[in-house]
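1. After the sequence you'll find the predicted model.
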Amino acid sequence: MSKAIDRRTALGLTAGALSAPFVATSGFAQTYPARPVTCIVPFGAGGSTDVIGRIVCEQLSQRLGQSFVIENRAGAGGNVGVAALARAPADGYTIGMTTISTHGINPNLFGDRLPFKPMDDFEFIGLSSSQPNFLCIHPSIPATNLQELIAYLKANPGKENFGSSGIGTSIHLSAELFMQLTGTRMTHVPFRSSAALVQALITGEVKLSFDNFTSPFPHYKAGTIRGIGVTSATRAAIAPEIPPLNDTLPGFDITSWNGFLAPKGTPKEIVDLLERTQMALLRDPTVVKRFEEMGAAAIPSTGAQMRQKAVSEIAQFKTIIEKGDIKLQN
């Protein structure tokens, strides 16, 4: 019997190979994903990171034909969940999220106490979203724009306070950078949650905050608090009428971001598949719109771009934290 393969048969085999499910190499005989994948979210259910994670995992499930199941592992500013991800088997069946906290701020705050190595313990899959913080003030402050706010704070050094959802959060450090760039002084009042912070701002317990859009935005729209600026270099789609602080304070650019990681050693074929799939879903107009409704922007990126983002963020926050002499409370 002839072993020759005619042209039509060869083309058919090639087409079949291209359409076949992804098969991981490096010892993997089964298709990937062949069973449900766990996605560790290092913050509690209902927060912006959790919501973004659920949107992305829903899309990954649809596109890869297998369940991507959220597991919330909150604690220590995200460190608990990210440390659990670092210790997980590197087989592609546990992935997880990281944020500006765990791969930007916390390496500077925790130092040797950080329970993972941010650049060495992971394979970077890609960024998913970014969200600027929203500078809001209590209406008792006589300012309607950034220039008036800066002039008022300079004329009243140390008189006013600002709130945050905790020491070392991007909300706290946005205010620290603001004071460093403007030469103003305010007292920091940390709260346990963004919800508590917004209530304190509404009542006037604190007079200023740099919160993400999710909590203060409805109150800004209702007129109970006043919006002054956003911390991103460009305007936010959810509130295009609000100018970036960067227009007045060049170099001011802090955005809360998140992205996806896998444990170090996860096969490259799996990481590449997840990277490609996430980049594609983040360009889906439906996903983009869902993010924008939260005040966030979809930011499809490669894993290499995400790694570089983390390197840059760690360096930026090192400067802010050292200049502000910011330390965690014992």
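-> Happy to help now that I have it. Treat the numbers as computed from the prediction; the structure is a model and nothing was measured.

2. so where's the stretch 1-150 of the chain uncertain?
-> Scanning the stretch 1-150 of the chain for pLDDT under 70 picks out 1-30.

3. can you give me the strands for the stretch 101-250 of the chain?
-> Taking DSSP state E, counting those that start in this stretch to define them, one finds strands in the stretch 101-250 of the chain at 122-137, 161-164, 187-190, 208-212, 226-230.

4. residues near the nearest residue to F162 once chain neighbours are set aside, how many?
-> Of all residues not flanking F162 in the chain, L208 sits nearest, at 4.3 Å (Cβ to Cβ, 6 or more residues apart in numbering). For glycine as for every other residue, the C-beta is placed from the backbone atoms N, C-alpha and C. Look at L208: counted by other Cβ atoms under 10 Å, it has 23 neighbours.

5. Repeat that for E293.
-> Neighbour tally, E293, other Cβ under 10 Å: 11.

6. Equivalent analysis for H138, please.
-> By the measure other Cβ under 10 Å, the count of residues near H138 is 19.

7. One more: K327?
-> K327 has 10 neighbours, counted by other Cβ under 10 Å.

8. what's the answer for P36, then?
-> 12.

9. likewise T98?
-> 30.

10. partners of it in the sheet?
-> Taking DSSP bridges as the rule, T98 bridges to G259.

11. Return the distance of it relative to W257.
-> T98 sits 9 Å away from W257, going by Cβ to Cβ, to the nearest Å.

12. Ok, C39 next?
-> Taking Cβ to Cβ, one finds C39 at 17 Å from W257.

13. And L177, by the same measure?
-> 16 Å.

14. Repeat that for L149.
-> Applying Cβ to Cβ to L149 and W257 gives a distance of 26 Å.

15. Now do the helices in the chain.
-> 7-19, 48-64, 79-87, 106-110, 146-155, 170-182, 194-203, 217-222, 268-281, 285-292, 303-324 (DSSP state H).

16. now the ones you listed in JSON lines, with mean neighbour count and distance to L261?
-> As requested, these are arranged in JSON lines below (neighbours: other Cβ atoms under 10 Å; distance: least, Cβ to Cβ, whole Å):
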{"stretch": "helix 7-19", "mean neighbour count": "9", "distance to L261": "29"}
{"stretch": "helix 48-64", "mean neighbour count": "20", "distance to L261": "12"}
{"stretch": "helix 79-87", "mean neighbour count": "21", "distance to L261": "6"}
{"stretch": "helix 106-110", "mean neighbour count": "21", "distance to L261": "14"}
{"stretch": "helix 146-155", "mean neighbour count": "16", "distance to L261": "36"}
{"stretch": "helix 170-182", "mean neighbour count": "22", "distance to L261": "19"}
{"stretch": "helix 194-203", "mean neighbour count": "19", "distance to L261": "24"}
{"stretch": "helix 217-222", "mean neighbour count": "14", "distance to L261": "29"}
{"stretch": "helix 268-281", "mean neighbour count": "19", "distance to L261": "9"}
{"stretch": "helix 285-292", "mean neighbour count": "15", "distance to L261": "20"}
{"stretch": "helix 303-324", "mean neighbour count": "17", "distance to L261": "8"}
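
17. Can you add distance to K117 and give those back as CSV?
-> Listed next are those as CSV, based on distance: least, Cβ to Cβ, whole Å:
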stretch, distance to K117
helix 7-19, 38
helix 48-64, 21
helix 79-87, 8
helix 106-110, 9
helix 146-155, 39
helix 170-182, 22
helix 194-203, 29
helix 217-222, 36
helix 268-281, 18
helix 285-292, 30
helix 303-324, 12
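
18. between those helices, which one is nearest to A239?
-> A239 sits nearest to helix 217-222 of all those, at 7.2 Å, using Cβ to Cβ.

19. Which pLDDT value does the model give the closest residue in space to F210 that isn't next to it in sequence?
-> In space, and not counting its chain neighbours, F210 is closest to S174: 3.7 Å by Cβ to Cβ, 6+ apart. Predicted confidence (pLDDT) at S174: the value is 96.

20. I'd guessed N79 sits against L114; true?
-> Yes - at 6.7 Å, N79 counts as touching L114 under the criterion of Cβ atoms under 8 Å.

21. what residues are shared contacts of those two?
-> Overlap of the contact sets of N79 and L114 (by Cβ atoms under 8 Å, 6 or more residues apart in numbering) consists of N106.

22. Can you give the domain ranges for the chain?
-> 21-130+255-324, 132-247 (automatic domain parsing).

23. any idea how far V206 is from G265?
-> 45 Å.

24. More neighbours: those two, which one.
-> Legend: neighbour count by other Cβ under 10 Å for V206 and G265, higher for V206 (24 against 13).

25. What residues does the nearest residue to that one once chain neighbours are set aside make contact with?
-> Spatial nearest neighbour of V206, chain neighbours left out: G163 (3.6 Å); criterion: Cβ to Cβ, 6+ apart. The contact partners of G163, by Cβ under 8 Å, 6+ apart, come to 188-191, 197, 200-201, 205-206, 208-209.

26. Can you name the residues bridging to G163?
-> Beta-bridge partners recorded for G163 (DSSP bridges): V189, S209.
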